[in-house]
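> Next input, structure requested:
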Amino acid sequence: MWNKRHEADARPQTATTPQSVNSTGGQAAAMAPAPSPAPSARSLEPPPSTAVLGPSVVVKGEIRTQEDLIIDGEVQGLVEAIGHRLTIGPNGNLQTNGVKAREVVVMGKMRGSVEASDKVYIRKDAQLIGDVQTAGIVIEDGAYFKGGIDIRKGPQKDGK
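Below is the predicted model of the structure:
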């Protein structure tokens, strides 16, 4: 019995939490974060990136991007995010003569034409005034839309 105290002092001290007790009632070693996978195991593509124009940003001119874009400020001009998602945030105000993107999500205000290869989402409390060309559109209750809609056939599946 007198040796137990000395054995306990010789063992390294680890903090135990309720999560560190295993199902047999014994204590498990403290969990260390999992190591990151080796570079060879990672995907060769970088993670999708998103550019953000915040509420205090004002842009007058053309924007062309090769990444997803969130506009939460004020933009006047052409916006192209071909192959990517364009989001007009709740504070966003876009006045444009043309938008081209894979997907367009409107949560704020937008005036101008939209060409989306996949889909256009007009969220509750959003306002879109302009013509839309897309493969699909979702207009939530409470959204305001004024313009024409041209539904285009999306990419063919099953080789047909």
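> What ranges in the protein fall below the confidence cut-off?
By pLDDT under 70, the weakly predicted segments of the chain are 1-48, 154-160.
> Report the secondary structure state of the nearest residue to D141 once chain neighbours are set aside.
Nearest residue to D141, sequence neighbours excluded (Cβ to Cβ, 6 or more residues apart in numbering): K124, at 6.4 Å. In this view, the C-beta of every residue, glycine as well, is placed from N, C-alpha and C. Using DSSP: H, G, I helix; E, B strand; the rest coil, the structure places K124 in coil.
> residues in contact with K124?
Contact partners of K124, counting by Cβ atoms under 8 Å, 6 or more residues apart in numbering, are E140, D141, G142, A143.
> JSON lines please, covering those and showing secondary structure and distance to G108.
Formatted as JSON lines, the contacts of K124 follow (DSSP: H, G, I helix; E, B strand; the rest coil; distance: Cβ to Cβ, whole Å):
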{"residue": "E140", "secondary structure": "coil", "distance to G108": "14"}
{"residue": "D141", "secondary structure": "coil", "distance to G108": "17"}
{"residue": "G142", "secondary structure": "coil", "distance to G108": "14"}
{"residue": "A143", "secondary structure": "coil", "distance to G108": "11"}
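> Neighbour-wise, give me the winner out of those.
Counting neighbours by other Cβ atoms under 10 Å, A143 leads these with 17 neighbours.
> I'd like the distance between the closest residue to that one other than its chain neighbours and G61.
Nearest non-adjacent residue to A143, counting by Cβ to Cβ, 6+ apart: I122, 4.4 Å away. Applying Cβ to Cβ, to the nearest Å, the value for I122 to G61 is 25 Å.
> Neighbour count for those two, which is higher?
Higher neighbour count among I122 and G61: I122, with 24 against 8, using other Cβ under 10 Å.
> Name whatever forms a beta bridge with V138.
Note on V138: beta-bridge partners by DSSP bridges are Y121.
> Now do the contacts for it.
Going by Cβ under 8 Å, 6+ apart, the list of residues near V138 reads K119, V120, Y121, I122.
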